[in-house]
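In: Turn this into a model:
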Amino acid sequence: MLTRDPMAVAKGKSYWGALSNFGNLLWISGAAVAVFAGLVCNAAKDARAFLLAIGLLTAVLVLDDMFMLHEGAWPRLTGLDEKSLFALYAASLLVILITGRRVWKPYALTLCTGIGFFALSLVLDRLEEANISYYYLLEDGSKFIGQACWSLFLWKTSQLQFDPHASATRVSQKTRARDKAPQ
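Out: Numbering: from 1, shown residues only. Sure thing, here's the model as predicted:
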């Protein structure tokens, strides 16, 4: 069972869990890019530390999500219940964001959108017993959008550390193009 494909074991359809799988692929790619950038970019020490920390936290989150560690392994290993684990994740994210606020500021809207949609999915997860039309689409869809935005944030923030003038250059190019356009 350990080595077999989950859909083969469950005798399920190949598309079962596709949105979850795609979301986790986005998330882990964002984590990998951030960790890589944190290790090899020539950016300031605080930027490298931020990318490493948020990349590693993202990797932990995606592994937790993939293997539902918060429901089994983590509580057994740490003695913390699910709510305490989520609070620990949130506190870790908060510390990373506070210490790295200069680094993530250019893409704050993307990050906040990702966190907001991910938080919405957690709230909806708590309402599972409620009789809401399209419940799973709302919960899993908001989680997917959160993962996509969070990953985009990681990709763009990592890219910015390799070319810190990229964002300013694009803005100034748009401004020059707008100023040259006939009125």
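In: can you pull out the helices in this structure?
Out: Using DSSP state H, the helices of the chain run over 6-10, 18-40, 45-67, 73-78, 82-99, 101-104, 108-126, 135-162, 166-180.
In: Now do the same contact list for Phe117.
Out: Ser142, Lys143, Ile145, Gly146, Cys149 (Cβ atoms under 8 Å, 6 or more residues apart in numbering). From N, CA and C alone the C-beta is placed, and that goes for glycine too.
In: Can you tell me how far the most centrally placed residue in the chain is from Ala49?
Out: Here the mean C-alpha position of the chain is nearest to the C-alpha of Trp150 (Cα atoms, centre = their mean), at a distance of 3.7 Å. According to Cβ to Cβ, to the nearest Å, Trp150 and Ala49 sit 19 Å apart.
In: cool, and Thr99?
Out: Thr99 sits 8 Å away from Ala49, taking Cβ to Cβ as the criterion.
In: So which of these two has more stuff around it?
Out: Neighbour tally, Thr99 and Ala49, criterion other Cβ atoms under 10 Å: the higher count belongs to Ala49, 16 against 13.
In: Please list all residues in contact with the more buried one.
Out: Gly38, Thr99, Gly100.
In: Could I get the contacting residues of Ser20?
Out: Contacts of Ser20 were listed using Cβ under 8 Å, 6+ apart, and they are Asp65, Asp140, Lys143, Phe144.
In: meant to ask about Val35, not that
Out: Val35 neighbours (Cβ under 8 Å, 6+ apart): Leu51, Leu52, Gly55, Leu56, Ala59.
In: Highest neighbour count among the residues you listed?
Out: Top of the contacts of Val35 by neighbour count (other Cβ under 10 Å): Leu51, with 27 neighbours.
In: That one contacts Thr157, doesn't it?
Out: Yes. Between Leu51 and Thr157 there is a contact under Cβ atoms under 8 Å: 7.0 Å.
In: Mutual contacts of those two, please.
Out: Joint contacts of Leu51 and Thr157 (Cβ under 8 Å, 6+ apart) are Ala34, Val103.
In: circling back: would you reformat the contacts of Phe117 as CSV and include pLDDT and distance to Gly114?
Out: What follows is the contacts of Phe117, written out as CSV (pLDDT from 0 to 100; distance: Cβ to Cβ, whole Å):
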residue, pLDDT, distance to Gly114
Ser142, 97, 11
Lys143, 96, 10
Ile145, 98, 8
Gly146, 98, 5
Cys149, 98, 3
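In: Cool, thanks, signing off.
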